[in-house]
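[1] coordinates for the following, if possible.
(2 chains)
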Amino acid sequence: MREVVSIAKARGIQADLFVRKVWEKSIEYEAGVFRGYVAREHTGCGLRVIRSDRRLGFYAFTLPCAPSEAVEQALEVSAFGDAVDFTIPSYPSTTEWKDFVDPRLEGLSVREMVEIGEYLVGQLKATHPGVLTNVRIAAGREERELFNHHEEEIRFARTFFEISIEATRVKDDDILTVYVERSWGNRDIDVDDLLKEVKLRLDLSERMVSVQSGQYPVLFTPSGCMVLLYPLLYGLNGRNIAFGKSPLQDKLGKVLFSSLFSLVEVPQEPWALGSCPFDDEGILTPEERVLVESGKVEDGFWDLWSAARTGRKTTASGFRRSPWDMPEPGFSVLKIKNGLRDRETLVEELEEGLVVDSLLGLGQSNIASGFFSCGVQLGFYVKGGEIQGRVKNVMISGNAYEALKNIRELSRDCRWVQGSILAPYILVEPIQVNAAS
Amino acid sequence: MRETLRDLARRPQNGEYLEIRLEHTVTTSIRIHNATVERLKVTEERGGSLRILHPKTGWWFASFQGWDDLEEHVAFGLRSVVLLPQSGTGVIRGEGTEEEIRFSPREDFRGKPLGEKVQLLFAYARMLREASPFVVSAVVEYRDEWRTVYFANSDGSVIFWEKPDISLSFVATARKGDQIEVYRDGVAGKAGFELVRGLEELAHRVGKQAEALLFARPFPGGVYDVVLDPVLAGVFIHEAFGHLSEADFLSRNERLQKLMVLGKPIASPVLSVFDDGSLENLRGSSPYDDEGTRTQRTYLIREGYLSGRLHSRETAFLLGESPTGNARTISYRFPPIVRMTNTGIEPGTVSPQDLFADIERGVYAVEYVGGNTALELFTFSPAYGYLIEGGKIGEMVKDIVLSGNLFQTLGKIDAVANDFRWTEVGWCGKGEQMGLPTPTGSPHVRLREVLVGGQRHA
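    Here you go, the predicted model:
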């Protein structure tokens, strides 16, 4: 692969080549029965070139591909590319970072995966016989390599492990689906904790209760609070700021949210799924970076392109959705600062309100302005400090930026969402609730 | 290649069902953002997959890159599949067929110089930007993809496909102070470069609509009578009913099967819904699905009665029904799963104007932002809407998200107009497989008492 960038160098062109190798194996259970095994092994390569007249070209390919052809293709594209204001960076010479590779995952056998699957299915069958369980268990390894025209190269590897349970209960004409997942970089996913969470949701959903339309305090669970986080991440995206599409573009440094709300990026968090020693442009990541401090917006996400566009520095936030995509501003690992009291206490003190765990139609509203309006897929009605039962055919609406102002409290207990966002329970008041009946 | 595949597909000796799929895909993506080429890339991918079902165990699927080690992949797969646990599943076997499905677009995009493509898009971006002084961001996004697929299975089928896909979308972001509105529209098709020419008016309109949204009032939440335009009605039927008719949701769930028993009245008698992958040249069309089953027209609802569902070979086996040609995959990286193809609501007899007449206070919901479903519950959002007051269409409104429940909402459709049309730009994500083209078609449709989200309650 080195040859590709050497050819570019010989022709006086700046270049970086990003290579991502992934293997993954997974098994699936459908309605409690083993269904099948899936294995994938893929390598993707993305070649970025910048000509002496600053024009940018990009060509992505799978192997085998002749190095000279890859360079030719990228150059052909660059004839029409944007003139960019950044240069391909040099890579750090240090390689002191650790790979986050768990040998227990590299060697995980199908038999072991089946054992986990059988256990999860069996446990749920024993306690909730009417419930049908789908399970997916996946494990794999990912390696990222970068080569540049300075003939430097860096690489790191990590493993990943994902377990998800989708439990479905059909009663008369009511279909309840509970979905819980855990993703992590090593083998240490607590399957009993996962089971506990599924069972708790099933049990709390036994009773259906109705709720009147109106304004209520809402306690968002860690997965539920993504509805507040996504618009904020859109607003902090350097590319959106560079194009004037972010409501936060002239608000960096200002206090916009509740003083209880703080958000940090922790790119080197051990075993979290997004963690990485460098971003996909070869920039070393910091240990911790403050995005929002006590309601004050401190910084956004900048890749080389958007940083150059706005006269800033990259924040090591250039990530690629796949080797086929060019880098764009994104996040590695995020933490929302937690509060002082447990979620149970927050519920106990709730006179009347909702607990919202999962929503339908995230991103279907106007994510740019922060407006959201979502169907509650799994939510509970609280009265007198106690969960009364599940609500259905209910929507919640509001503006994420307003809601972040109206945070009343955050819980002490936190949970990882998709292995890359550590979030507490967040109590917001008021939120508009609309009910069908 | 065909000879090799024919030979490999004959390897199973113990009643295994085996499929091989090889793909070569070349894609050009261009994204013009204001006066900048924000993204310009060409990608080329060569990969394959192998799927085997052993009669006594389960599915074994492997996806790989390069086409060199097919022999080894097949040998390893056949050795490995025996070792899997029992799954109690099976497939309906089919008749073998040998076919070559080629496509000759009028203006082949593979032969177009990159410069010509970029130039056209720049011109559109200018029009989009100049449509309104409020437009801060004008994005023109172009994508063409030429996919060739070799497919073979142990029923003796060997199929060669050419699958072109081309799309162009305009996204305008308008801004006034802190208020930001986004509007998008575009075209997509199984076609050549001719599809993306002559779209000046559309570009202008997208810019104008983004501006108009800035001045539209947010719609208050509540329960309303709603008229859906053909675009949104298509998304509605896809979300509200299409997904639950995909048989993999219920093939192992007896209670769900009872709830969705064929012949059951499920909607009002004005509603008939179909899925049809055999139509000519829509983006969801193909003579065969990705398991080599012939595609067909399947009625899901006929005059309000549940009349059919969408099947792969496996779900048909599990439910004792017949495959419908609905097993689709987005690429060699994933096994085929049950998906919609082109899904539509059959036209009725009344004119669209008649639908508004007796609505005292409601909303006319137009075009779409998106939709989502979790079995019986679903949400879908129009791009914008108009108030309906006293049977008349009034001012423009925004921030509308509609939600419903399968078992209640379908019964509340009380009128279907006669102005059917297809919308090709839609795509669908299911499980890990995002971005599958799934056109929807419908006339105007009226729904009574729909829950609409909104910041205030009416």
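[2] and the residue of chain A nearest chain B?
    Of all residues in chain A, the one sitting closest to chain B is A:Gly36 (2.8 Å; Cβ to the nearest Cβ). (Each C-beta comes from the backbone N, C-alpha and C, glycine too.)
[3] may I see the domains of chain A written out as residue ranges?
    What the record gives for chain A is the domain set A:2-203, A:207-437, from automatic domain parsing.
[4] so which of these is the most surrounded?
    When these are scored by mean count of other Cβ atoms under 10 Å in any protein chain shown, the highest mean neighbour count falls to domain A:207-437 (a mean of 21).
[5] quick check: the gap between the closest residue to A:Trp324 other than its chain neighbours and B:Ser104.
    Spatial nearest neighbour of A:Trp324, excluding adjacent residues (Cβ to Cβ, 6 or more residues apart in numbering or on different chains): A:Ala60 at 4.5 Å. Distance from A:Ala60 to B:Ser104, counting by Cβ to Cβ, to the nearest Å: 27 Å.
[6] again with B:His33
    Look at B:His33 and B:Ser104: by Cβ to Cβ, they are 33 Å apart.
[7] low pLDDT regions in the stretch 301-437 of chain A?
    Within the stretch 301-437 of chain A, the stretches with pLDDT under 70 are A:437.
[8] how about the residues of the stretch 51-200 of chain B by chain A?
    Residues of the stretch 51-200 of chain B lying close to chain A by Cβ under 8 Å from any Cβ of the partner chain are B:53, B:58-66, B:80, B:83-89, B:114-115, B:118, B:136-137, B:173, B:175, B:178-182.
[9] among the residues you listed, which are in helices?
    B:80, B:114-115, B:118 (DSSP state H).
[10] for chain A, what are the nearby residues on the stretch 251-400 of chain B?
    Proximity of the stretch 251-400 of chain B to chain A is confined to B:251-253, B:255-256, B:259, B:333, B:335, B:369-381, B:398-400 under the rule Cβ under 8 Å from any Cβ.
[11] which of the residues you listed fall within strands?
    Counting by DSSP state E, these place B:370-374, B:377-381, B:398 in strands.
[12] so which of those sits lowest on pLDDT?
    The lowest pLDDT within these belongs to B:Ala374, with 80.
[13] so the closest residue to that residue other than its chain neighbours: helix, strand or coil?
    Take B:Ala374 and drop its neighbours on the chain: the residue closest to it by Cβ to Cβ, 6+ apart is A:Gln377, 4.9 Å away. Classification of A:Gln377 by DSSP: H, G, I helix; E, B strand; the rest coil places it in strand.
[14] next, the angle strand B:377-381 makes with the lowest-mean-pLDDT helix or strand in chain B.
    Lowest by mean pLDDT, DSSP states H and E among the helices and strands of chain B is strand B:370-374, with a mean of 83. Interaxial angle, strand B:370-374 versus strand B:377-381 (axes from the mean of the first three to the mean of the last three Cα atoms, to 10 degrees): 180 degrees.
[15] check the offset of strand B:370-374 from the chain's centre.
    Centroid displacement of strand B:370-374 relative to its chain, using Cα atoms, centre = their mean, to the nearest Å, is 12 Å.
[16] in its sheet, what does it sit against?
    In the sheet, strand B:370-374 lines up against strand B:377-381 (antiparallel) (DSSP bridges).
[17] show me what counts as buried in the partner strand.
    For strand B:377-381, the neighbour count (16 or more other Cβ atoms under 10 Å in any protein chain shown) marks B:377-381 as buried.
[18] show me how far it is from its chain's centre.
    15 Å.
[19] CA atoms only: put that strand into PDB for me.
    Taking Å, rounded to 0.1, in the frame of the first residue of the first chain, the C-alpha atoms of strand B:377-381 are listed here in PDB:
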ATOM      1  CA  LEU B 377     -46.500   2.100  15.900                       C
ATOM      2  CA  PHE B 378     -45.200   4.500  13.300                       C
ATOM      3  CA  THR B 379     -44.500   8.100  12.600                       C
ATOM      4  CA  PHE B 380     -44.100  10.000   9.300                       C
ATOM      5  CA  SER B 381     -43.400  13.600   8.500                       C
END
